[in-house]
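need a structure here:
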Amino acid sequence: MALDFKSLTEATSGAVGGLLSTTILYPLDTCKSKYQAEAKAGKARKYKSLFDVFQESLKSGKILSLYQGLATKNLQSVVSQFIYFYSYSIFKKWYLAKARVSKMGTGTNLLVAAAAGTCTAVLTQPLDVASTRMQTSAFGKSKGLWATLTEGSLQEAYSGFGASLALVSNPAIQYTVFEQLKDFLLRPEVVVEVVGTDQPLSRSSPKVLTAFQAFLIGAFSKTIATVITYPAIRAKVMLQAAESDEDKVLRLNSSTTNLKVRRRARSMVEAFHQIWAEEGLKGYFKGLNAQIVKTVLSAALMLMIKEKVARSTWVVMLAIQRWLLAGENKLKSVSLPASTVAPIVGIAISSNAARG
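Next up is the predicted model:
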């Protein structure tokens, strides 16, 4: 099967954009994840704000631990971005060929994006779980990737998978809001008839979005999508987070001290119940401000970098394609020895004579 170099270019440039944006914003992501993972209220709560997580790393002299799990997160980011963009491009190409149309409608685009997101979640969930566990481990106590992946069962490797599937709706909501706002800004020309005159006054809307308009409505649409899906985002982090030292001590000592320890949530529904019991309604949106800042900045950086490297990636892919074609043509042009050609020619002549 021939390689789809256009899809590979999209996937590669998307992976590079995801890698760089993840690295730049990783300390913020670590603080956010540790803050989101804690489901406690009142005096039992260790982190009262996002800054408390950062302050803990400073006081413990482990500021570099804000980068624990970075390699795994980057691996997960590159793999997931590559799979998403490649599968999206493949599904899009397949649909356009089957439907015999030149472009997809809004509904079809959302379905294709959801299918690509589902493929990404299925294939990268273990890496996602491992990176979150490494991030939320106590500073300086994060395990390596292999140890993290193999410390539990296959079911634990897919912790939060239901939440990941629910979050496939996030880009769908974002895209819908973006398109609605775009249509509003680019609404058709409005013609106003002035009474008593033959000259109509017209007011034309812009035909294309400016870069500033695109950035603003892109950030706004991503914010709306994040607010709507945030409870699932928080539940996912809780399900994937590493067990804290305090909870581990309580769990190990519960049998000797007769303490009743709350069972760790194993599904999104159980996580929702735990949040409600410990923190109430506002707990579903704990850390929302940090999530919005991180998500919007990450999406903006990723898309900006992707667009910047797309041309260079295409040049590299074109060079590889030409190299492969040159090698294929070289193989085809290699002449066979006369001792090999003669029997083949003889067989061909005999075969044709027999047919005649």
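
The top helix by length along the chain packs against which elements?
Using DSSP state H to define each element, the chain has its longest helix at helix 288-333. Secondary-structure packing of helix 288-333 (3 or more C-beta pairs under 8 Å, 6 or more residues apart in numbering; DSSP states H and E): helix 5-24, helix 26-37, helix 211-240. No exception for glycine: its C-beta is placed from N, CA and C like everyone else's.

between these, which one is nearest to residue 92?
Closest to residue 92 of the helices and strands packed on helix 288-333, according to C-beta to C-beta: helix 5-24, at 8.9 Å.

so how far is the longest helix of the chain off the chain centroid?
In terms of C-alpha atoms, centre = their mean, to the nearest Å, the centre of helix 288-333 is set 16 Å apart from its chain centre.

Over it, what's the mean pLDDT, rounded is fine.
For helix 288-333, the mean pLDDT works out to 75.

so it versus helix 26-37, what angle?
In terms of direction (axes from the mean of the first three to the mean of the last three C-alpha atoms, to 10 degrees), helix 288-333 departs from helix 26-37 by 120 degrees.

now helix 288-333 against helix 211-240, angle please.
Put simply, helix 288-333 runs at 100 degrees to helix 211-240, going by the same axes, to 10 degrees.

Using the three-state scheme, assign the residue lying closest to residue 65 once chain neighbours are set aside.
Sequence neighbours aside, residue 139 is the residue nearest to residue 65 in space, at 3.9 Å (criterion: C-beta to C-beta, 6 or more residues apart in numbering). Here residue 139 is recorded as coil under DSSP: H, G, I helix; E, B strand; the rest coil.

What is the burial count for residue 139?
Residues lying near residue 139 (other C-beta atoms under 10 Å) number 19.

Skip the chain neighbours and tell me the closest residue to residue 275.
That would be residue 283: by C-beta to C-beta, 6+ apart, it lies 4.3 Å from residue 275.

and that neighbour, what does it touch?
Each residue near residue 283 by C-beta atoms under 8 Å, 6 or more residues apart in numbering is listed here: 39, 41, 275, 276.

do residue 148 as well
Applying C-beta under 8 Å, 6+ apart to residue 148 gives the contacts 72, 130, 133, 134.

Please apply the same query to residue 24.
Counting by C-beta under 8 Å, 6+ apart, residue 24 makes contact with residue 301.

What separation do you get for it and residue 301?
Using C-beta to C-beta, to the nearest Å, we find residue 24 at a distance of 6 Å from residue 301.

so where is the stretch 151-300 of the chain shaky, pLDDT-wise?
In the predicted model, the stretch 151-300 of the chain carries pLDDT under 70 at residues 187-209, 211, 244-263.

how many other residues sit next to residue 163?
23.

Tell me which helix or strand it sits in.
helix 161-166 (DSSP states H and E).

helices or strands up against that helix?
Helix 161-166 is packed against helix 106-136, helix 211-240, helix 268-279, with contacts defined by 3+ C-beta pairs under 8 Å, 6+ apart.

can the ones you listed go into JSON lines with extra columns for mean neighbour count and distance to residue 50?
Below are the helices and strands packed on helix 161-166 laid out as JSON lines (neighbours: other C-beta atoms under 10 Å; distance: least, C-beta to C-beta, whole Å):
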{"stretch": "helix 106-136", "mean neighbour count": "20", "distance to residue 50": "14"}
{"stretch": "helix 211-240", "mean neighbour count": "19", "distance to residue 50": "13"}
{"stretch": "helix 268-279", "mean neighbour count": "17", "distance to residue 50": "16"}
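
end to end, how far does stretch 135-143 reach?
10 Å (C-alpha to C-alpha, to the nearest Å).

Kindly report the same for stretch 42-54.
With C-alpha to C-alpha as the measure, the first residue of stretch 42-54 is 20 Å from its last.

ok, back up a step: out of the helices and strands packed on helix 288-333, which comes closest to residue 117?
Residue 117 sits nearest to helix 211-240 of all the helices and strands packed on helix 288-333, at 12.1 Å, using C-beta to C-beta.
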